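Asker: I would like to see how this sequence folds:
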Amino acid sequence: MTESDLPVAQLTPGRWGDPAQVVELPAAALDALKHLGIQRPGGAGAPGAPAGGGGGAAEAPAAEAPGAAAGPGVSVPARAADRPELTGPQLAFLASVVGAEQVMSDLDSRWAHTRGYSTTDLLRFRAGDASDMPDAVVYPASHDEVAALLAGCAEHDLAVVPYSGGTSVVGGLAASGRFITVDLRRLDQLIELDEVSRTATLQAGVRGPAAEHLLAERGYTLGHFPQSYEGASIGGYAAARSSGQSSAGYGRFDQMVVGLTLATPRGTIELGRAPMSAAGPDLRQLVLGSEGAFGIITSVVVRIRPRPTERHFEGWRFDGFDAGLTAVRRLAQDGPLPTVLRLSDEIETAVNLADPDVLGGGSGGVLAIIGFDGPYNQATADVLTAAGGENLGEGPGETWRTGRYRAPYLRDPLLDEGALVETLETAAFWSRIPALKTAVTEALVNALSATPPLVLCHISHVYETGASLYFTVICAQSDDPVEQWLTAKYAANHAIADAGGTISHHHGIGTDHRTAYHAEIGSLAVEALQAVKHTLDPDGVLNPGILI
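Answerer: Predicted coordinates for the structure are as follows:
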């Protein structure tokens, strides 16, 4: 199996991924939950139980008409109908741009575009919280239609939230006030493939697996495989500065983008005349990571590479996290880097998230995963051996490779069992990584002391000067699990800032990180971003409350 073999997952409200891909927790995991004091809410009809029987439906086709049923999820609450509808002139304007059949104001369509897929999002879904639901969902089919929508939305008092994959985990789709959602799924084409320059122009609504399939037909790969890959889109990758698991070999998505087209309420911006330029500041970098606050990215030009003819994945064991940290730092700084390089700490190694089928079955030390797209590089293995690593062979590596997209599916059954499970990530320079890891872990443990947590951590992406840390937290849910996590996240954010980390490495800002982001960059920098926002979006119709 390769990434281009995976289908696009038609996400359903309140549960992650393809509803046909149900993951059951093994007995060892259920026993571990009991040791954490986690008890399943009573009965199949309890709030934590999956709606509609928990799955089993066939996957909806990728070309399914907008608004069609997407399979079992959390049902739309009856009280959601209480919200006022859009006015006749507003609906007429939207229909005049995209056609009446591409404007959906029914409850199911609106519910399916409510919030994203953080744990707090899912908990609110399960509680029937219909706040943050758009007033309509609009499906443009071209850049010109997107631009026309934005140009007229201020006049018709309509705020706009861009949407393609919908996989935000930081509140990036929960704008303040009333709004419409502009779903880019119909912008799903490979516009051009330049084999001489090795670039591809992709529309923003192309989902990750679809993009990889389109490129594979021509013998190329993008090489961008985040854990949200099944549902995320090209436009979302760019808007949130996504980083895939193969970033050691292919780079982050913002490093892959060489050009882009942005629709704003005041007109169109096209960037990327050449791969690099000294003609002033690189405005591509201003748009990348802007999360729809400055405009809607409708297409990107990305660097591509020949599709690998062979792939190799291995597991390596180190006695402890410090030893493993030294080893991966040596590879990051002096090479040779593999395509994939990640390191789990002792607790994550013991829990063994690499394989949901044996969750809780790890054994001692820490586990590193390396992967090569192309020939095996023995020099990389020699560096790991010299640093005290033990080669565990292809078994752990292949298990991780084939199972990594199943890990997010664990969250729903864990929530069903009464667990609170969530993730957060950061990055820092190498010299700060040990203290940062300790500080964030202690902050989470202290903030969740009433429901003692298990805190797992791994290095997910490496650079010559530093690395990212990715934390997973599991504990028993309190009576108010949303507030429980918000309290823990607040403590973790402060620990990150105090220890010299950044508030986000690849999840983005949204609303969850906005306050911490402003503190990180300072008031003058915030004013500069607000000035850009005012110039491109003077009426503030684009994703209000997000980023700035």
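
Asker: going by C-alpha atoms from here, please, whenever you check contacts or count neighbours.
Answerer: Will do.

Asker: and for the closest residue to residue 192 other than its chain neighbours, the neighbour number?
Answerer: Leaving aside its sequence neighbours, residue 192 sits nearest to residue 201 (C-alpha to C-alpha, 6 or more residues apart in numbering; 5.1 Å). Per other C-alpha atoms under 10 Å, the neighbour tally for residue 201 reads 20.

Asker: quick check, residue 201 in a strand?
Answerer: Yes. Applying DSSP: H, G, I helix; E, B strand; the rest coil, one finds residue 201 inside a strand.

Asker: in the sheet, who's paired with it?
Answerer: Beta-bridge pairing for residue 201 (DSSP bridges): residue 192, residue 301.

Asker: which residues are in contact with it?
Answerer: Taking C-alpha atoms under 8 Å, 6 or more residues apart in numbering, we find residue 201 in contact with 190-193, 299-302.

Asker: same check on residue 81?
Answerer: Residue 81 is in contact with residue 107, counting by C-alpha under 8 Å, 6+ apart.

Asker: how many residues are close by the closest residue to residue 193 other than its chain neighbours?
Answerer: Once flanking residues are discounted, residue 193 sits nearest to residue 200: 4.4 Å by C-alpha to C-alpha, 6+ apart. Under the neighbour criterion other C-alpha under 10 Å, residue 200 is assigned a count of 25.

Asker: what about stretch 181-196, average pLDDT?
Answerer: Stretch 181-196 carries an average pLDDT of 98.

Asker: may I have that stretch as CSV, with CA atoms only?
Answerer: Below are the C-alpha coordinates for stretch 181-196, written out as CSV (Å, rounded to 0.1, in the frame of the first residue of the first chain):
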residue,chain,number,x,y,z
THR,A,181,-18.9,28.6,4.4
VAL,A,182,-17.3,28.6,1.0
ASP,A,183,-16.5,25.0,0.3
LEU,A,184,-13.8,24.5,-2.4
ARG,A,185,-14.4,20.9,-3.2
ARG,A,186,-15.3,21.6,-6.8
LEU,A,187,-11.9,23.2,-7.4
ASP,A,188,-10.4,19.8,-7.7
GLN,A,189,-8.2,19.8,-10.8
LEU,A,190,-4.6,19.4,-11.7
ILE,A,191,-4.3,22.4,-13.9
GLU,A,192,-0.8,21.9,-15.3
LEU,A,193,2.2,19.7,-14.8
ASP,A,194,5.6,21.2,-16.0
GLU,A,195,7.9,18.2,-16.3
VAL,A,196,10.9,20.4,-17.2
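
Asker: what residues does that stretch touch?
Answerer: By C-alpha under 8 Å, 6+ apart, stretch 181-196 touches 113, 134-142, 160-164, 199-207, 211, 214, 298.

Asker: change it to 6 Å
Answerer: Residues outside stretch 181-196 that contact it (C-alpha atoms under 6 Å, 6 or more residues apart in numbering): 137-139, 141, 160-164, 199-203, 205-206.

Asker: for stretch 266-276, same thing?
Answerer: If you take C-alpha under 6 Å, 6+ apart as the criterion, stretch 266-276 is touched by 258-262.

Asker: could you dump these to a markdown table with pLDDT?
Answerer: Shown next, in a markdown table, are those (pLDDT from 0 to 100):
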| residue | pLDDT |
| --- | --- |
| 258 | 98 |
| 259 | 98 |
| 260 | 98 |
| 261 | 98 |
| 262 | 98 |
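
Asker: how about residue 205, secondary structure?
Answerer: Assigned state for residue 205: coil (three-state reduction, three-state DSSP).

Asker: pLDDT wise, what is it at?
Answerer: For residue 205, pLDDT reads 98.

Asker: what about residue 192, how many neighbours?
Answerer: 12.

Asker: related to what we said a few turns ago, quick one: the residue nearest to residue 193 from residue 459, how far?
Answerer: The gap separating residue 200 from residue 459 is 30 Å, by C-alpha to C-alpha, to the nearest Å.

Asker: kindly report the same for residue 491.
Answerer: For residue 491, the distance to residue 459 equals 21 Å [C-alpha to C-alpha].

Asker: comparing these two, which residue is more hemmed in?
Answerer: residue 459 (23 against 19).

Asker: the more buried one is in what secondary structure piece?
Answerer: Per DSSP states H and E, residue 459 falls inside strand 454-462.

Asker: which stretches of the stretch 251-400 of the chain have low pLDDT?
Answerer: The model of the stretch 251-400 of the chain has pLDDT under 70 over residues 353-363.

Asker: any chance you could map the helices in it?
Answerer: For the stretch 251-400 of the chain, applying DSSP state H, counting those that start in this stretch gives helices covering 253-256, 283-287, 321-334, 346-351, 378-386, 394-403.

Asker: low-confidence ranges, the stretch 51-200 of the chain, go.
Answerer: Residue ranges of the stretch 51-200 of the chain with pLDDT under 70: 51-72, 82-83.

Asker: now do the strands in it.
Answerer: Along the stretch 51-200 of the chain, the segments classed as strands by DSSP state E, counting those that start in this stretch run 103-104, 137-138, 159-163, 179-183, 190-194, 199-203.

Asker: the third one - contacts with which helices or strands?
Answerer: Here strand 159-163 touches strand 179-183, going by 3 or more C-alpha pairs under 6 Å, 6 or more residues apart in numbering; DSSP states H and E.

Asker: okay, the angle between the strand it packs on and strand 159-163?
Answerer: Orientation check (axes from the mean of the first three to the mean of the last three C-alpha atoms, to 10 degrees): strand 179-183 against strand 159-163 gives 30 degrees.

Asker: so what strands line up beside strand 179-183?
Answerer: strand 137-138 (parallel), strand 159-163 (parallel).

Asker: run the chain-centre distance for it.
Answerer: Its chain's C-alpha centre and that of strand 179-183 lie 19 Å apart, by C-alpha atoms, centre = their mean, to the nearest Å.

Asker: got it, and stretch 331-338?
Answerer: On C-alpha atoms, centre = their mean, the centre of stretch 331-338 falls 26 Å from the chain's centre.

Asker: how long is that stretch end to end?
Answerer: Separation of the first and last residues of stretch 331-338 by C-alpha to C-alpha is 8 Å.

Asker: and the contacts of that stretch?
Answerer: With C-alpha under 6 Å, 6+ apart as the criterion, stretch 331-338 contacts 371-372, 380, 463-464.

Asker: of the residues you listed, closest to residue 500?
Answerer: Distance ranking of the contacts of stretch 331-338 against residue 500, using C-alpha to C-alpha, places residue 463 first at 16.5 Å.

Asker: tally of neighbours for the closest one?
Answerer: Number of residues near residue 463 (other C-alpha under 10 Å) recorded here: 19.

Asker: the one 4 residues further on too?
Answerer: Applying other C-alpha under 10 Å, we find 23 other residues in the vicinity of residue 467.

Asker: could you look up the SS state of it?
Answerer: strand.

Asker: looking at the strands of the stretch 51-200 of the chain, which is closest to residue 418?
Answerer: Relative to residue 418, the nearest member of the strands of the stretch 51-200 of the chain by C-alpha to C-alpha is strand 159-163, separated by 30.3 Å.

Asker: which ones are touching residue 318?
Answerer: By C-alpha under 6 Å, 6+ apart, the contact list for residue 318 reads 324, 365-366, 389.

Asker: sorry, back to before: hang on, isn't the residue nearest to residue 193 packed against residue 302?
Answerer: Yes. Here residue 200 reaches residue 302: they are 5.4 Å apart, a contact under C-alpha atoms under 6 Å.

Asker: picking that back up, could you export the helices of the stretch 251-400 of the chain as a markdown table, including mean neighbour count and distance to residue 231?
Answerer: Formatted as a markdown table, these follow (neighbours: other C-alpha atoms under 10 Å; distance: least, C-alpha to C-alpha, whole Å):
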| stretch | mean neighbour count | distance to residue 231 |
| --- | --- | --- |
| helix 253-256 | 20 | 16 |
| helix 283-287 | 17 | 22 |
| helix 321-334 | 19 | 30 |
| helix 346-351 | 21 | 25 |
| helix 378-386 | 15 | 33 |
| helix 394-403 | 18 | 16 |
